[in-house]
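Student: Generate a structure from the sequence data that follows.
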Amino acid sequence: MPMTPMMLQYLSIKEQYPDAILFFRLGDFYEMFMEDATVAARILDIALTTRDRNADNPIPMCGVPYHAAEAYVPKLVAAGHKVAICDQVEDPRKAKGLVKREVTRVITPGLVLESQNLTADEPNYLAAISLPETGGTTGLAYLDISTGEFRATELDLAEAGAALEQLKVRELLVPDSGTAALEGRWVQTTVDAWTFSSEYSAQSLKDHFKVLALDGTGWADKRLAVAAAGAILAYLRETQKSALDHLERPTYFDRAGAMLLDAVT
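Tutor: Numbering: from 1, shown residues only. Model prediction:
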């Protein structure tokens, strides 16, 4: 069927967030289309309908009331999906033609803020790991966006899986540079490898936390830990569209000072 200007707008925004289910604001509803609609309708147990059912190839669609979105988004996130919230960013009454829309936030398993969707006695960690190509030392950083807790360390790659399980990480960021997946209960998200550059990450961390140098933080010479922390900060900027002023300045901790337990223990 011919695409309307609204559907062309939807496709343009969806192209920017191909790995997320797009909640596309239309009046009083967030609508989902195509594959997003098929997946969401099954998980949310809502009706799957179509646009222009008389067309040769009708487009699957489903929707939820915008004021009830907080009741539906956690179900998709719990199933391992990302959700991109696309809002109307201008008054429809004043819009000339198509209402301007853009993504205002991306919600992922490791980036849940709403208190009603969190477990009171358990953190909700987003982690990043700079995986070496041939084993050896790697950098690990983790953050709880709801509290601002932000920490990093360096450890042997053989210990990384146990550390992630111990932290009960919900989502793990890895670079898209051909590194192998780490098996675990977390959702693994691939991000641009350049966000793991230690030079980029160091400057990004200094700019965000308004410090002239990382000296005195305990990890100025921990390039791999800095790289992992910088990757998390880049991911937050991409998904949260907000100032992130509540984040604590990252602290370095030495795992050599703790007894390591495997996941079973």
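Student: ok, now which ones touch the closest residue to residue 122 other than its chain neighbours?
Tutor: Take residue 122 and drop its neighbours on the chain: the residue closest to it by Cβ to Cβ, 6 or more residues apart in numbering is residue 168, 6.7 Å away. All C-beta atoms are positioned from the backbone trio N, CA, C, and that covers glycine. Counting by Cβ atoms under 8 Å, 6 or more residues apart in numbering, residue 168 touches 122, 123, 125, 185.
Student: For the buried ones among those, write the corresponding PyMOL selection.
Tutor: Those of the contacts of residue 168 that count as buried under 16 or more other Cβ atoms under 10 Å are selected in PyMOL with:
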select buried, resi 123+125
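Student: Let me have the contacts of residue 168 in a markdown table, adding secondary structure as columns.
Tutor: Shown next, in a markdown table, are these (DSSP: H, G, I helix; E, B strand; the rest coil):
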| residue | secondary structure |
| --- | --- |
| 122 | coil |
| 123 | coil |
| 125 | coil |
| 185 | coil |
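Student: Could you pull out the helices in the stretch 1-150 of the chain for me?
Tutor: 5-16, 34-44, 69-78 (DSSP state H, counting those that start in this stretch).
Student: what's the closest of those to residue 103?
Tutor: Of all the helices of the stretch 1-150 of the chain, helix 5-16 sits nearest to residue 103, with 6.5 Å by Cβ to Cβ.
Student: What is the closest one packed up against?
Tutor: strand 20-26, strand 29-33, strand 101-107 (3 or more Cβ pairs under 8 Å, 6 or more residues apart in numbering; DSSP states H and E).
Student: same for the second one, what does it pack against?
Tutor: Judged by 3+ Cβ pairs under 8 Å, 6+ apart, strand 29-33 is in contact with helix 5-16, strand 20-26, strand 59-65.
Student: Let me know which of the ones you listed is the nearest to residue 37.
Tutor: Here strand 59-65 is closest among the helices and strands packed on strand 29-33 (Cβ to Cβ), at 4.4 Å.
Student: what angle separates that closest one from helix 5-16?
Tutor: 90 degrees (axes from the mean of the first three to the mean of the last three Cα atoms, to 10 degrees).
Student: what does stretch 234-249 rub up against?
Tutor: 103-108, 111, 126, 128, 143, 145, 148-150, 173, 189, 191-192, 195, 201, 204, 208-209, 211, 217, 233.
Student: end-to-end on it?
Tutor: Length of stretch 234-249, first residue to last, Cα to Cα, to the nearest Å: 15 Å.
Student: Quick check: which ranges of the stretch 151-265 of the chain have low pLDDT?
Tutor: For the stretch 151-265 of the chain, the stretches flagged by pLDDT under 70 are 178-181, 216-218, 255-265.
Student: middle-most residue in this protein, spatially?
Tutor: residue 108 (4.2 Å; Cα atoms, centre = their mean).
Student: burial of the closest residue to that residue other than its chain neighbours, as a residue count?
Tutor: Sequence neighbours aside, residue 82 is the residue nearest to residue 108 in space, at 4.6 Å (criterion: Cβ to Cβ, 6+ apart). A count of neighbours around residue 82, defined by other Cβ atoms under 10 Å, yields 21.
Student: ok, now how distant is the residue nearest to the centre of the chain from residue 48?
Tutor: 24 Å (Cβ to Cβ, to the nearest Å).
Student: rewinding a little: pLDDT-wise, what's the bottom of the contacts of residue 168?
Tutor: Of all these, residue 122 has the smallest pLDDT value, namely 73.
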